[in-house]
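A.B. asks: Show me the folded form of this:
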Amino acid sequence: MDSLKGAGAKTIAGQANDDFWEKALKISEQRLTVLASNIANSDTPNYKARDIDFRTSLQQALAANSGTVTKVKVSGTKNKEAPFAATLLYRIPSQGALDGNTVEMDTERSAFTDQAIRHEFLTQQALDEYKEISTLFKSMTG
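C.D. replies: Okay, here's the model as predicted:
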């Protein structure tokens with residue numbers, strides 16, 4: 001069974017990372033939540049549009065101890081726990097609003113759609129990898 005350790009694991013910088021898909025999907029989900037919050041608060045005075053840098057957050061999550069849990073507070077939602085230290089970034093609007101709101105709907109819709117497509121891709125890749133592992137186990141047992 002030792003030969004199966006890391007089987008199907010995503011390799012990052014030459015090292016297997018069994019948690020890659022879980023971490024990537026959780027960060028993607030968190031980013032979708034932040035973007036949805038931006039869209040939902042597009043008419044809220046003084047609301048500041050936020051985002052998460054997916055690449056940086058994933059790199060930090062893969063480098064960090066998998067036992068670390070950080071709460072990321074997103075306005076309008078309950079705290080969500082995720083095993084990564086995502087930093088909420090604030091968007092700088094191309095044109096400020098009189099009410100102090102920095103949400104630009106075109107930017108948010110585009111970012112949300114892009115992330116939703118990426119999330120679907122991650123989900124499909126994770127599913128394919130776990131199917132391969134399942135097939136491997138079935139072939140070994142009989």
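A.B. asks: Just the buried positions in the longest helix along the chain, please.
C.D. replies: Taking DSSP state H as the criterion, the chain has its longest helix at helix 105-141. Of the residues in helix 105-141, those with enough neighbours to count as buried (16 or more other C-beta atoms under 10 Å) are 107-108, 111-112, 115, 119, 122, 126, 129. Just so you know, the C-beta spots here come from the backbone N, C-alpha and C atoms, and that holds for glycine as well.
A.B. asks: So which residues of the chain form helices?
C.D. replies: 20-40, 54-63, 105-141.
A.B. asks: can you tell which of these is closest to residue 88?
C.D. replies: Nearest of the helices of the chain to residue 88, taken as C-beta to C-beta: helix 20-40 at 6.8 Å.
A.B. asks: Name the nearest residue to residue 111, ignoring sequence neighbours.
C.D. replies: Nearest non-adjacent residue to residue 111, counting by C-beta to C-beta, 6 or more residues apart in numbering: residue 35, 5.4 Å away.
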